[in-house]
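Q: got a predicted structure plus its sequence, pasted below:
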Amino acid sequence: MIQLKVFNIAHNGIAALPASLGGCTELEEIDATDNNISTIPNALSHLLKLKSLLLDQNNVHQVPTCVMTECVALQT
């Protein structure tokens with residue numbers, strides 16, 4: 001799972017992103033569009049290659065500051 005580059009769980013009714021995603025250091029894209037997610041785990045801050053974090057149509061009100069500052073490749 002460490003070599004995973006794209007994680008697509010869009011349209012699945014998922015309630016949370018697993019904190020274990022933080023261990024997927026090669027991850028570049030997470031598409032969690034249209035789920036029931038309300039919080040983002042701080043562990044995602046370990047994803048230094050993450051370029052895209054798609055959270056449209058969820059209940060997320062805020063992405064943790066550590067994710068926004070430590071995911072240096074993240075495009076806004």
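A: Yep, that arrived.
Q: just say helix, strand or coil for residue 44.
A: Per DSSP: H, G, I helix; E, B strand; the rest coil, the local secondary structure of residue 44 is helix.
Q: what's the neighbour count on it?
A: Other residues within reach of residue 44, judged by other C-beta atoms under 10 Å, total 23. No exception for glycine: its C-beta is placed from N, CA and C like everyone else's.
Q: these two touch, right, it and residue 37?
A: No. Using C-beta atoms under 8 Å, residue 44 is not in contact with residue 37, being 11.8 Å away.
Q: any chance you could map the helices in this protein?
A: Under the criterion DSSP state H, the chain contains helices at 65-70.
Q: for the protein, which spans come out with low pLDDT?
A: Under the criterion pLDDT under 70, the flagged ranges of the chain are 1-2.
Q: the same query, at a cut-off of 90, please.
A: 1-3, 76 (pLDDT under 90).
Q: what are the ranges of the strands in it?
A: For the chain, the strands defined by DSSP state E cover 6-8, 29-31, 52-54.
Q: could you measure the residue lying closest to residue 68 once chain neighbours are set aside against residue 52, distance?
A: On the basis of C-beta to C-beta, 6 or more residues apart in numbering, the spatially nearest residue to residue 68 that is not a chain neighbour turns out to be residue 74, at 7.1 Å. Relative to residue 52, residue 74 is positioned 8 Å away (criterion: C-beta to C-beta, to the nearest Å).
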